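Chemist: Whatever this is, show me its structure:
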Amino acid sequence: MDKFYHSVRLDPELCKGCINCIKRCPTQAIRVRNGKAQINSKFCIDCGECIRICPHHAKKATYDKLDTIKQYEYTVALPAPSLYSQFNNLEDVNIVLNGLKLMGFDDVFEVSAAAEIVSEATRTYIKQHQGDLPLISTACPSVVRLIRVRFPNLIEHLLPINPPIEVAACLAAEKAMKETGLPREKIGIIFISPCPSKVTYVQAPLGTEKSQVDRVLAIKDVYPQLLTYMKAVGAEAEEVSTSGKIGISWGSSGGEASGLFTESYLAADGIENVIRVLEDLEDQKFTNLEFVELNACNGGCIGGVLTVENPYVAEVKLKRLRKYMPVARRHLDSGAEEYVPWTTEIQFEPVFRLGDNVMESFFRLEQVERLCKRLPGLDCGSCGAPTCKALAEDIVRGEASERDCIYYLRENLHKLSQEVSVLAGDMADGTRGGREVLPVLQDYIKRIAEEMEFLDDKVKDPENK
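Modeler: Next up is the predicted model:
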């Protein structure tokens with residue numbers, strides 16, 4: 001299994017080489033080289049920010065198409081809690097669930113039901129592990145991957161419990177095999193996702209060796225078709241839902257933490273805010289915290305790039321929907337206990353190290369610091385890197401050169417021009433003979449021409465000034 005599998009991809013034909021994405025990427029995983037963006041697989045955490053910000057739609061999410069459900073004899077839909085927040089005037093989630101069955105799924109298993117199981121398991125774990133506090137939620141794959149590559153000291157604080165998507169998949173597969181008698185390979189467990197990071201999780205899961213989710217569909221693909229089938233369900237929908245307020249609340253920021261019945265928690269959403277919280281956690285700036293809920297998307301899962309509704313409107317819809325629901329309808333029992341804990345450990349991946357060992361890393365860090373003093377410090381992005389420091393690190397890694405900085409080029413041209421002027425003056429007043437100066441002058445002119453040509457390549461694209 002590729003530990004650096006990614007669901008966020010680049011379409012080079014659509015990329016115009018603008019620098020919008022490199023300025024927004026939270027892990028500085030994107031560079032613009034030769035007029036096209038490039039995504040560094042090791043740095044990317046599949047948060048989807050580049051998809052959100054790209055004006056040319058060159059960044060795309062990889063997920064399965066709707067017709068993949070035809071590949072299985074029996075299919076089970078796993079709707080994310082955020083799916084319910086996409087519809088206007090929805091008062092009963094059973095309309096959505098029955099609509100999915102009319103759409104072609106043989107059964108449905110709510111991820112919100114598994115979320116209630118995970119909430120109960122988390123409450124128990126917190127009581128039993130007071131010495132490990134604060135515990136950090138592992139429900140968002142992008143956040144877990146971010147900690148894995150950038151915050152190694154926080155790995156021990158990760159909650160070692162599978163996310164609701166995995167618990168739901170395990171329970172759904174077990175139920176389907178029991179009811180149909182079919183072997184596991186003929187049963188399709190299909191997750192309906194609000195974000196690309198869940199696709200990455202399925203292909204390269206954290207905390208388990210293999211995910212029980214077989215396919216991942218995007219909410220934005222399911223939504224238009226599902227609307228039609230929901231109208232066919234009518235007012236009298238069959239009771240299918242098995243979750244309550246706690247499970248449905250997981251769809252928005254703070255929902256997971258609210259199910260722990262504690263006031264000693266912190267909830268943050270938006271990848272930049274998440275990074276700020278993790279930095280403060282690493283610096284031990286928080287006290288008396290039991291739990292930290294972090295979501296890469298603004299507003300939580302309702303803000304995923306594969307959704308269709310405005311996240312702020314979606315949050316209001318979710319609050320209204322859960323208003324008259326019971327607190328919880330699913331509980332941790334003997335049938336679910338085996339699917340809750342992690343079965344594999346999370347390992348630190350030092351992808352941001354400059355060297356293969358400590359000494360080499362320190363040596364290269366000194367090189368980076370020296371380069372940063374020579375660079376202008378404007379962080380303009382014209383070089384194709386998000387900051388001057390990022391460019392310096394690329395230079396040290398052998399992936400860029402100082403000439404990529406336009407300001408460095410201009411300064412170099414200015415120095416060369418001054419040298420030419422001095423030589424020309426020497427020739428004019430007879431200080432130095434023509435035979436002595438001519439080869440040097442020709443060399444300077446050649447170098448100026450090369451720098452001008454390089455500079456012209458950098459600025460001829462109006463979007464890469």
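Chemist: what's the next secondary structure element after the one helix or strand I126 maps to?
Modeler: Assigned by DSSP states H and E, I126 falls within helix 111-128. Proceeding C-terminally, helix 111-128 gives way to strand 135-136 as the next helix or strand, assigned by DSSP H and E.
Chemist: hmm, who's touching that following strand?
Modeler: Under the criterion CB atoms under 8 Å, 6 or more residues apart in numbering, residues 122, 125-126, 129, 143, 147, 154, 157-159, 281, 290-292, 294 lie in contact with strand 135-136. For every residue, glycine as well, the C-beta is placed using N, CA and C.
Chemist: Mind giving me the packing neighbours of the helix or strand where K319 lies?
Modeler: Counting by DSSP H and E, the secondary-structure element that holds K319 is helix 311-321. Packing partners of helix 311-321 (3 or more CB pairs under 8 Å, 6 or more residues apart in numbering; DSSP states H and E): helix 245-249.
Chemist: can you count the residues close to R145?
Modeler: Applying the criterion other CB atoms under 10 Å, we find 25 residues in the vicinity of R145.
Chemist: related to what we said a few turns ago, any idea which helix or strand comes after the helix holding K319?
Modeler: Secondary structure here is assigned by DSSP H and E; on that basis, the next helix or strand after helix 311-321 toward the C-terminus is helix 358-374.
Chemist: mind listing what's buried in that following helix?
Modeler: Buried residues in helix 358-374, counting neighbours by 16 or more other CB atoms under 10 Å, are found at R364, L365, V368, L371, C372.
Chemist: Tell me the spatial nearest neighbour of the last one, not counting adjacent residues.
Modeler: This points to C372. Distance criterion CB to CB, 6 or more residues apart in numbering; nearest residue to C372, sequence neighbours excluded, is A392 at 5.1 Å.
Chemist: Can you check what angle separates the helix or strand that contains that neighbour from helix 358-374?
Modeler: Here A392, judged by DSSP H and E, is contained in helix 388-397. Using axes from the mean of the first three to the mean of the last three CA atoms, to 10 degrees, the interaxial angle of helix 388-397 with respect to helix 358-374 works out to 130 degrees.
Chemist: what packs against helix 388-397?
Modeler: The elements that helix 388-397 packs onto, with contact taken as 3+ CB pairs under 8 Å, 6+ apart, are helix 358-374.
Chemist: What helices and strands are in contact with the helix it packs on?
Modeler: Packing contacts for helix 358-374, counted by 3+ CB pairs under 8 Å, 6+ apart, involve helix 388-397.
Chemist: can you list the residues that contact stretch 295-303?
Modeler: By CB under 8 Å, 6+ apart, stretch 295-303 touches 45, 47-48, 80-82, 85, 139-140, 142-143, 146, 194-195, 197, 250-255, 267-271, 274, 304-305, 309, 311-312, 314-315, 318.
Chemist: Report the mean confidence score over it.
Modeler: Computed over stretch 295-303, the mean pLDDT rounds to 96.
Chemist: got the CA positions of that stretch in PDB?
Modeler: Coordinates of the C-alpha atoms in stretch 295-303 are reproduced here as PDB (Å, rounded to 0.1, in the frame of the first residue of the first chain):
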ATOM      1  CA  ASN A 295     -11.100  19.500  10.900                       C
ATOM      2  CA  ALA A 296      -9.200  20.600   7.800                       C
ATOM      3  CA  CYS A 297     -12.200  22.000   6.100                       C
ATOM      4  CA  ASN A 298     -13.900  25.300   7.200                       C
ATOM      5  CA  GLY A 299     -17.000  24.400   9.200                       C
ATOM      6  CA  GLY A 300     -16.000  20.800   9.400                       C
ATOM      7  CA  CYS A 301     -17.100  18.100   6.900                       C
ATOM      8  CA  ILE A 302     -19.900  20.300   5.700                       C
ATOM      9  CA  GLY A 303     -17.200  22.500   4.200                       C
END
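Chemist: Now do it: distance to the chain's middle.
Modeler: Centroid separation between stretch 295-303 and its chain, computed with CA atoms, centre = their mean, to the nearest Å, is 11 Å.
Chemist: list the contacts for the closest residue in space to L354 that isn't next to it in sequence?
Modeler: When the adjacent residues along the chain are set aside, L354 lies closest to R364, with 3.9 Å between them (CB to CB, 6+ apart). Listed by CB under 8 Å, 6+ apart, the contact partners of R364 are L354, G355, V396.
Chemist: among these, which ones are buried?
Modeler: V396.
Chemist: so P141 makes contact with P196?
Modeler: No - with contacts counted by CB atoms under 8 Å, P141 stays clear of P196, the gap being 9.5 Å.
Chemist: So which bits of the helix holding I126 are buried?
Modeler: Neighbour-count burial for helix 111-128, counted by 16+ other CB under 10 Å, picks out 111-123, 125-126.
Chemist: Looking at those residues, which one is closest to L100?
Modeler: Taking CB to CB as the measure, L100 lies nearest V111 of the buried residues of helix 111-128, at 12.4 Å.
Chemist: Please name the residues that touch the closest one.
Modeler: When the contact criterion is CB under 8 Å, 6+ apart, the partners of V111 are L78, P79, A80, P81, P164, I165, A168, F191, G247, W250.
Chemist: Of those residues - the most surrounded one?
Modeler: Looking at those with neighbours defined as other CB under 10 Å, the largest count falls to W250 at 32 neighbours.
Chemist: Quick check: closest non-adjacent residue to that one.
Modeler: With CB to CB, 6+ apart as the measure, A115 is the residue that lies nearest to W250, at 4.3 Å, once sequence neighbours are left out.
Chemist: just L146 next, same as before
Modeler: Closest residue to L146 apart from its sequence neighbours, by CB to CB, 6+ apart: I45 at 5.0 Å.
Chemist: For that neighbour, which residues are in contact?
Modeler: Applying CB under 8 Å, 6+ apart to I45 gives the contacts P26, T27, A29, S142, R145, L146, V149, S197, A296.
Chemist: What separation is there between it and I155?
Modeler: Counting by CB to CB, to the nearest Å, the separation of I45 from I155 is 15 Å.
Chemist: did I read that right, F191 in a strand?
Modeler: Yes - looking at F191 with DSSP: H, G, I helix; E, B strand; the rest coil, it is inside a strand.
Chemist: Check it and give its pLDDT.
Modeler: Per-residue confidence for F191 comes out at a pLDDT of 98.
Chemist: Make sure it is actually in contact with V213.
Modeler: Yes - A contact is recorded between F191 and V213 when judged using CB under 8 Å, the distance being 4.9 Å.
Chemist: Need the residues touching each of the two.
Modeler: Where contact means CB under 8 Å, 6+ apart, the residues bridging F191 and V213 through contact with each are L78, I165, A169, V202.
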